[in-house]
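Trainee: Fold the following and give me the result.
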Amino acid sequence: MRRNSLAGIISISFFALFTFTACAQQDHQQNEQILMVSKTIMNSTILLNNQENTIPLLNLDKRNIASVNLGFTNQSVYDSLLYKYAKVTSFSSADYSSSSTLNDLEDDLKYFNTVIITLPSTAVNDSRNINFILNTAKSKQVILSLFGEGRALNVLDGIKSPIIWTAENTPISAAIVPQMIFGGIAITQKLNQSFSPKYTMGTGYTTNTIRLKYTLPEDANVNANNLREIDKIANEAINAKAAPGMVVLVAKDGKVIFNKAYGNHSYDNIRPDRLSDIFDLASLTKTTATTPTIMRLVEQKKLNLDTSIATYIPRARNTPMANIKVREVMLHQAGFTPYIPFHNNIQPGDYSRDSSAAYPTKVADNYFIRKNYFKDVMWPKMLNSPIKTRGTYVYSDISMYVMKEIAEHITETPLDQYVQEKFYKPLGMQTAGFLPRNRFPREQIVPTEQDNYFRKTLLQGYVHDQGAALAGGVSGHAGLFASANDVAIIYQMLLNKGSYGGQQYFTPQTVNMFTTKQSNVSRRGLGFDRWDPDLTKKYPSETASPQTFGHTGYTGTCVWVDPSRGLIYIFLSNRVYPAVTDKLITMKIRGRIQDVINEAIDKAL
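Mentor: Alright, predicted model coming up:
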């Protein structure tokens, strides 16, 4: 009885790890027990029929993936892990129970080229299931996950598609197998007995880890008890109304060991924050969209950092910007005006509450700016603003307006399209992008501010930054939205020195050049913010290492990568809701949480 009770607790606890509201926060001892069970399952899970190296899945941008449940009882856990790696649409054979075949289900899969099927061993003798698998595999890439008795493999002898088999049919095995499919967990074992003429002892394929793993702190030698202080700090922030809610993610050595949502979208407590929620990243746009684009162009030798702005932007010729070097722009040493409040100069004829050919650019709900406002008003004002502090470090959003224009001249592609095609889609980032209201339900996007002074409406899915909004929501310095998991993916790629998911996005040399200190007058890298050597500033936190790079965002966001600890720390919030408050900054919430994480890691060394 006690053994069954413990198994139930472990399964429930592991299920909690992948719910939308919280990462499992058990005590250290319980996590150790869960890991023991997990390791046993991983060491007995077998990959068959992988002669074409289908597993782990590559080229996610070319896949339309469906998940099909043929009677598996732990499908909710299984699918929750699939969703962390790629956009997946779920189907269940239970919805087609009135038919003697699954032809209708097969027909509903016509838009998908990759079908991941879950099958309990008790369902292998159902001819509907076997016929469905064989028929689907004729025209699509099928991957079969088999849970239960190994004797079921005898029935599957005629299936040529990859099969991942585990004898365990539990929430834990349901969380492990999807990670093996995407390369979050390596497959290392082969059959230790024979089940059929095809599946004999010694049969099986091994794989490598190529993506993030979702697990417990103890899997990275971190004691979960030492992370509990994060809860206290987060709740302190919410109680002080520094932000209505937030999501914290910690990845260590390629493993997501902490991911928890706190609070609510707003102070009315109607909608809790969830791990899948989409936040306005604000200035994280600079390092998550614009800077990777510049890195790619420099690596391709299409952009020279020591060439002038006028070389790439014809309209910059005969302006104060003309002879400024691109490197100066990336270091915030170009002497640009720090900030131009464009929204303060809006005239009645510049906007309309309805869209039309004359007012096509949506700035917020019921707010449209006139055609070519950026081109005719904003851009000339930036180009002709005086250069006053060249050679010194003065942080300016104008820098990334300029870099966006340079990138688009070279790529001949809008920035939002370029980053989707070159980075986000192949990386498996599902939520990351500009203009999220065009792609996601409003409820999934965290509200940013009740704008009572400019747009006179609630900002939810429209960029908070006024200049980026007037530019149409796509800018080099702001406008990017994403979930914490998506942010973790691209920064894990950077921590991996440019590699992720079996693809090399940058050379290690390019990553090093942009993320390490590149200025003689500031702490900055190229595009990236960094650890401040002035220890009195304790920036980004008191215990951050000199290798730390990343960025912060005005809306209450940050991402910091510490290569010395193998660490990625992400904090997303809407601290400007319902109106701007500095409490998150004055209470040092982000830095204090970072210190808790650093100290927990250091105790394990």
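Trainee: So which residues of the stretch 401-550 of the chain form strands?
Mentor: 433-434, 449-451, 457-459, 480-482, 499-500, 503-504, 529-530, 549-553 (DSSP state E, counting those that start in this stretch).
Trainee: repeat for the stretch 251-400 of the chain
Mentor: Going by DSSP E, counting those that start in this stretch, the stretch 251-400 of the chain shows strands at 255-263, 279-280, 351-352, 361-364, 367-369.
Trainee: now those in JSON lines, with mean neighbour count?
Mentor: C-beta: built from backbone N, CA, C; applies to glycine. Shown next, in JSON lines, are these (neighbours: other C-beta atoms under 10 Å):
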{"stretch": "strand 255-263", "mean neighbour count": "23"}
{"stretch": "strand 279-280", "mean neighbour count": "31"}
{"stretch": "strand 351-352", "mean neighbour count": "17"}
{"stretch": "strand 361-364", "mean neighbour count": "21"}
{"stretch": "strand 367-369", "mean neighbour count": "22"}
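Trainee: could you redo those strands as a markdown table and give each row mean pLDDT?
Mentor: As requested, those are exported to a markdown table (pLDDT from 0 to 100):
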| stretch | mean pLDDT |
| --- | --- |
| strand 255-263 | 98 |
| strand 279-280 | 98 |
| strand 351-352 | 97 |
| strand 361-364 | 97 |
| strand 367-369 | 97 |
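Trainee: Mind checking the ones you listed for the one nearest to Ala544?
Mentor: Ala544 sits nearest to strand 255-263 of all the strands of the stretch 251-400 of the chain, at 17.3 Å, using C-beta to C-beta.
Trainee: So what's the gap between the closest one and the chain middle?
Mentor: 13 Å (C-alpha atoms, centre = their mean, to the nearest Å).
Trainee: re the thing from before, would you mind finding the most buried of the strands of the stretch 401-550 of the chain?
Mentor: strand 480-482 (a mean of 30; mean count of other C-beta atoms under 10 Å).
Trainee: Now find how far off-centre that strand is within its chain.
Mentor: 9 Å.
Trainee: who's in contact with it?
Mentor: 278-281, 284-285, 288-289, 429, 431-434, 436, 445, 461, 463 (C-beta atoms under 8 Å, 6 or more residues apart in numbering).
Trainee: filter the residues you listed to the buried ones?
Mentor: 278-281, 284-285, 288-289, 429, 431-434, 436, 445, 461, 463 (16 or more other C-beta atoms under 10 Å).
Trainee: Now, these that are in helices?
Mentor: Leu284, Thr285 (DSSP state H).
Trainee: if we can go back for a sec, can I get the strands of the stretch 251-400 of the chain in JSON lines with distance to Pro217?
Mentor: As requested, these are arranged in JSON lines below (distance: least, C-beta to C-beta, whole Å):
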{"stretch": "strand 255-263", "distance to Pro217": "4"}
{"stretch": "strand 279-280", "distance to Pro217": "24"}
{"stretch": "strand 351-352", "distance to Pro217": "50"}
{"stretch": "strand 361-364", "distance to Pro217": "41"}
{"stretch": "strand 367-369", "distance to Pro217": "45"}
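Trainee: one step back: now distance to Asn520 too, for the strands of the stretch 401-550 of the chain, in a markdown table please.
Mentor: Below are the strands of the stretch 401-550 of the chain laid out as a markdown table (distance: least, C-beta to C-beta, whole Å):
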| stretch | distance to Asn520 |
| --- | --- |
| strand 433-434 | 34 |
| strand 449-451 | 38 |
| strand 457-459 | 39 |
| strand 480-482 | 30 |
| strand 499-500 | 31 |
| strand 503-504 | 31 |
| strand 529-530 | 14 |
| strand 549-553 | 17 |
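Trainee: Mean pLDDT for these - can I get that in CSV?
Mentor: As requested, the strands of the stretch 401-550 of the chain are exported to CSV (pLDDT from 0 to 100):
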stretch, mean pLDDT
strand 433-434, 98
strand 449-451, 97
strand 457-459, 97
strand 480-482, 98
strand 499-500, 98
strand 503-504, 98
strand 529-530, 98
strand 549-553, 98
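Trainee: Relative to Glu168, which of these is closest?
Mentor: strand 499-500 (29.0 Å).
Trainee: contacting residues for Leu81?
Mentor: Per C-beta under 8 Å, 6+ apart, neighbours of Leu81: Phe18, Ala174, Ala175, Pro178, Gln179, Tyr214.
Trainee: Output the contacting helices and strands for the helix or strand containing Ala237.
Mentor: According to DSSP states H and E, Ala237 maps onto helix 229-239. Contacts defined by 3 or more C-beta pairs under 8 Å, 6 or more residues apart in numbering; DSSP states H and E place helix 229-239 against strand 245-252, strand 255-263, helix 589-604.
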